[in-house]
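**Q** My questions concern the predicted model and sequence given below.
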Amino acid sequence: MTDHLYLSGVSHGYGDRELLNAVDLVIHHGEHVAIVGENGAGKSTLLRLMAGVETPDDGTAGLSGNPGYRVGYLAQTHGLAESLTVGDAIDASLGALRSLEDRIAELERDLADADSEALDLYGSLQTEYQLREGYAAESRVEAALDTLGLGGLDRRRTLGSLSGGEQERVALACLLADPAEALLLDEPTNHLDANGTAWLESRLAAHRGTVVVVSHDRVLLRKVATTIIEVDAERRSVSRYGSGYEGYLREKAAERARWVQQYDEWLNAMAAERLQAATVADGMGYGRKRDNDKMAFGFKTGTWQSAAASKVRNAQERLRRLEENPVDRPPVPLKLAAPVGAVAVAASLPALEAHRVSVPGRLQPTDLRVETGQKVLITGPNGAGKSTLLSVLTGNLEPAAGSVTVNGKVGYLQQELEVPARPGLRLLPAFAAGLGGNIDEHAEGLLRLGLFRPAEFHVPVGGLSAGQQRRLALARLLLGGYDTMIVDEPTNHLAPVLVEQLEAALASFAGTVVIVSHDRALGEWFDRCARPAPVGAWVRYGMQGGELL
């Protein structure tokens, strides 16, 4: 029997919110799969079900095939007891390998008197040990810890004495010390620097078994995944795409083209039935009876009226069926509202200027001038001070020293959104709040963005997922008519296709953009845009230790 991970007829959720409905999925041994989708869609849930950490509400999930097939699972939070020492965690991860060593040693003691069955068992265990490179397990752990920035870590330290990021990196090193046949990893790059991420990509790409990874890191998706599984939050279903990440993008574009075609055909069919009903009702077409031709139909007087009425009813019935089965309007590519330009249009005025601003312990004295129309990217590790700088620039945080000058209308998308002040407010009114105009115009604008479907307009904002909350804030930013947009980690919580569209929209925006991000793919996009642009139009800064480099 072929080893594979599977879900069969799985429905699952939490409370009254169902995430997956009657899902069937098979991942065969050796496949390298990435699971994508917006936050809250059920990606982590899907992984936990395959790992056997959770049991589905309905249906079955898990492993089919060889009972000795091992599954290694790394959650976003490792789940190890904080009282364990680093050494305990490593020993536990190598426990199966050390048991194998003990069994081999036991057989070796009796090899002189061993029968053929014992010799065969000894040979198979030796082969397994060599295939798992058991002899190098300890050195692999040390090399992994060193690559992950934990070289020389005292194994007597408890996990509770380490930072959250350090704990996750220890857990990752343990998982890959003796990698299982199937590796299931949930956002494994969250706490890794560039070297650690490159090392992980190399290890996963070279893994001879199965890899299933939940990630929003598009570089990792390109390098590791041969198959993409997308979780659809609205339909509570999953879809499979082959040919890697690029194939996924191509197929999503083809899906959209088919959607546009179906929508156009539906509109045309509606128009045709309305025209047919109106034409017959007006006594035109369909063999209208001519004057002085009382026997045109070969029936008694009144047959024409009856036939015409029947045709009208048939057309109206077909129209009714079309209206009852509408095709949703397909989203158009994201497009930013034109900047207001009331103040910052003057080229001599900067869009933003900070002079010696500082925040104790978070931001060193900093000068920054962002020219009107300029695109700026600020990168750096977690805790470097990037979000602090944006909070100061937008007036959300008062600096201890220095000053900030702003010209024009500034929009800000924070990394962490605040809890909705009115959780019972519906999505559409929440989007329209403070924007002026009428609600129908706002509904039309929101539909054009394609970030939400009409059915979601009436959902209370308190019931939105993290991804939906992020898209709502993004929609208000995109249609706000800002001169300058300041965006903190714009790719967080967004599905990959939407991120690609957002990049294109930002590139074509006539106003000023300041972006903070650690997303490597976004950095590559920024560099591609900068190469043909005039010098100084696209500027990248780094941050480290609260200092702008």
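**A** That came through, no problem.
**Q** which residues in the stretch 401-549 of the chain form strands?
**A** 401-406, 410-413, 484-488, 512-516, 538-544, 547-548 (DSSP state E, counting those that start in this stretch).
**Q** any weak-confidence spans in the stretch 51-200 of the chain?
**A** Filtered on pLDDT under 70, the stretch 51-200 of the chain yields no residues whatsoever.
**Q** Can you tell me the closest non-neighbouring residue to the residue nearest to the spatial centre of the chain?
**A** Residue closest to the average C-alpha location in the chain (CA atoms, centre = their mean): Ala495, at 3.3 Å. Leaving aside its sequence neighbours, Ala495 sits nearest to Glu38 (CB to CB, 6 or more residues apart in numbering; 4.8 Å). No exception for glycine: its C-beta is placed from N, CA and C like everyone else's.
**Q** Show me which helix runs longest in this protein.
**A** helix 244-281 (DSSP state H).
**Q** can you list the domains in the chain?
**A** For the chain, automatic domain parsing gives the domain ranges 1-70+180-242, 85-162, 261-285+297-324, 350-548.
**Q** where's the longest one relative to the chain centroid, distance-wise?
**A** Taking CA atoms, centre = their mean, to the nearest Å, one finds domain 350-548 lying 17 Å from the centre of the chain it belongs to.
**Q** from here on, count from 840
**A** I'll keep to 840 as the first residue from here, and by that count the last item is domain 1189-1387.
**Q** Straight-line length of that domain, end to end?
**A** 18 Å (CA to CA, to the nearest Å).
**Q** And the average pLDDT for that domain is what?
**A** When pLDDT is averaged along domain 1189-1387, the result is 89.
**Q** In JSON lines: the strands of the stretch 1240-1388 of the chain, plus distance to Ala1314 and mean neighbour count.
**A** JSON lines is the format used below for the strands of the stretch 1240-1388 of the chain (distance: least, CB to CB, whole Å; neighbours: other CB atoms under 10 Å):
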{"stretch": "strand 1240-1245", "distance to Ala1314": "23", "mean neighbour count": "14"}
{"stretch": "strand 1249-1252", "distance to Ala1314": "10", "mean neighbour count": "21"}
{"stretch": "strand 1323-1327", "distance to Ala1314": "13", "mean neighbour count": "24"}
{"stretch": "strand 1351-1355", "distance to Ala1314": "17", "mean neighbour count": "24"}
{"stretch": "strand 1377-1383", "distance to Ala1314": "25", "mean neighbour count": "17"}
{"stretch": "strand 1386-1387", "distance to Ala1314": "30", "mean neighbour count": "17"}
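**Q** And those: which comes nearest Leu989?
**A** Nearest to Leu989, of all the strands of the stretch 1240-1388 of the chain, is strand 1377-1383, at 19.6 Å by CB to CB.
**Q** Please list the residues outside the closest one that contact it.
**A** Contact with strand 1377-1383 is made by 1207, 1213-1220, 1223-1225, 1228, 1362, 1365-1366, 1368-1369, 1387-1388, as judged by CB atoms under 8 Å, 6 or more residues apart in numbering.
**Q** the inter-axis angle of it versus strand 1351-1355?
**A** Strand 1377-1383 and strand 1351-1355 are oriented at 30 degrees to each other (axes from the mean of the first three to the mean of the last three CA atoms, to 10 degrees).
**Q** mind listing what strand 1377-1383 pairs with, with the direction of each?
**A** strand 1214-1218 (parallel), strand 1386-1387 (antiparallel) (DSSP bridges).
**Q** okay, those, which one's buried deepest?
**A** strand 1214-1218 (a mean of 22; mean count of other CB atoms under 10 Å).
**Q** Report the angle between that strand and strand 1323-1327.
**A** Going by the same axes, to 10 degrees, strand 1214-1218 makes 20 degrees with strand 1323-1327.
**Q** Run through who's touching strand 1214-1218.
**A** Contacts of strand 1214-1218 (CB under 8 Å, 6+ apart): 1209, 1225, 1228, 1345-1346, 1351-1357, 1361-1362, 1365, 1368-1369, 1372, 1376-1382, 1387.
**Q** do that again at 7 Å, thanks
**A** 1209, 1225, 1352-1357, 1362, 1365, 1376-1382 (CB atoms under 7 Å, 6 or more residues apart in numbering).
**Q** and what of stretch 1256-1264?
**A** In contact with stretch 1256-1264 (CB under 7 Å, 6+ apart) are residues Pro1299, Val1300, Gly1301, Gln1308, Arg1309, Ala1312.
**Q** Redo those as TSV? Include distance to Trp1105.
**A** Formatted as TSV, those follow (distance: CB to CB, whole Å):
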residue	distance to Trp1105
Pro1299	30
Val1300	31
Gly1301	34
Gln1308	31
Arg1309	31
Ala1312	32
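**Q** Among these, which one has the most neighbours?
**A** Highest neighbour count within the contacts of stretch 1256-1264, by other CB atoms under 10 Å: Arg1309, with 26 neighbours.
**Q** Could you double-check that that residue lies in contact with His1332?
**A** Yes: judged on CB atoms under 7 Å, Arg1309 makes contact with His1332 at a distance of 4.0 Å.
**Q** that older thread, kindly reformat the strands of the stretch 1240-1388 of the chain as a markdown table containing distance to Tyr961.
**A** Converted to a markdown table, those look like this (distance: least, CB to CB, whole Å):
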| stretch | distance to Tyr961 |
| --- | --- |
| strand 1240-1245 | 73 |
| strand 1249-1252 | 62 |
| strand 1323-1327 | 59 |
| strand 1351-1355 | 58 |
| strand 1377-1383 | 55 |
| strand 1386-1387 | 61 |
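**Q** before we move on, the earlier item: from the contacts of strand 1377-1383, which would you call buried?
**A** Among these, those buried by neighbour count (16 or more other CB atoms under 10 Å) are 1207, 1213-1219, 1223-1225, 1228, 1362, 1365, 1368-1369, 1387.
**Q** is it true that Ala887 lies in a helix?
**A** Just to correct that, residue 887 is Arg rather than Ala. Yes: applying DSSP: H, G, I helix; E, B strand; the rest coil, one finds Arg887 inside a helix.
**Q** contacting residues for it?
**A** Glu893.
**Q** Settle this for me: Arg1157 is touching Glu1112, isn't it.
**A** Yes: contact criterion CB under 7 Å: Arg1157 and Glu1112 qualify, at 5.0 Å.
**Q** okay, these two: which has more neighbours?
**A** With neighbours defined as other CB under 10 Å, Arg1157 and Glu1112 compare such that Glu1112 has more, 20 against 16.
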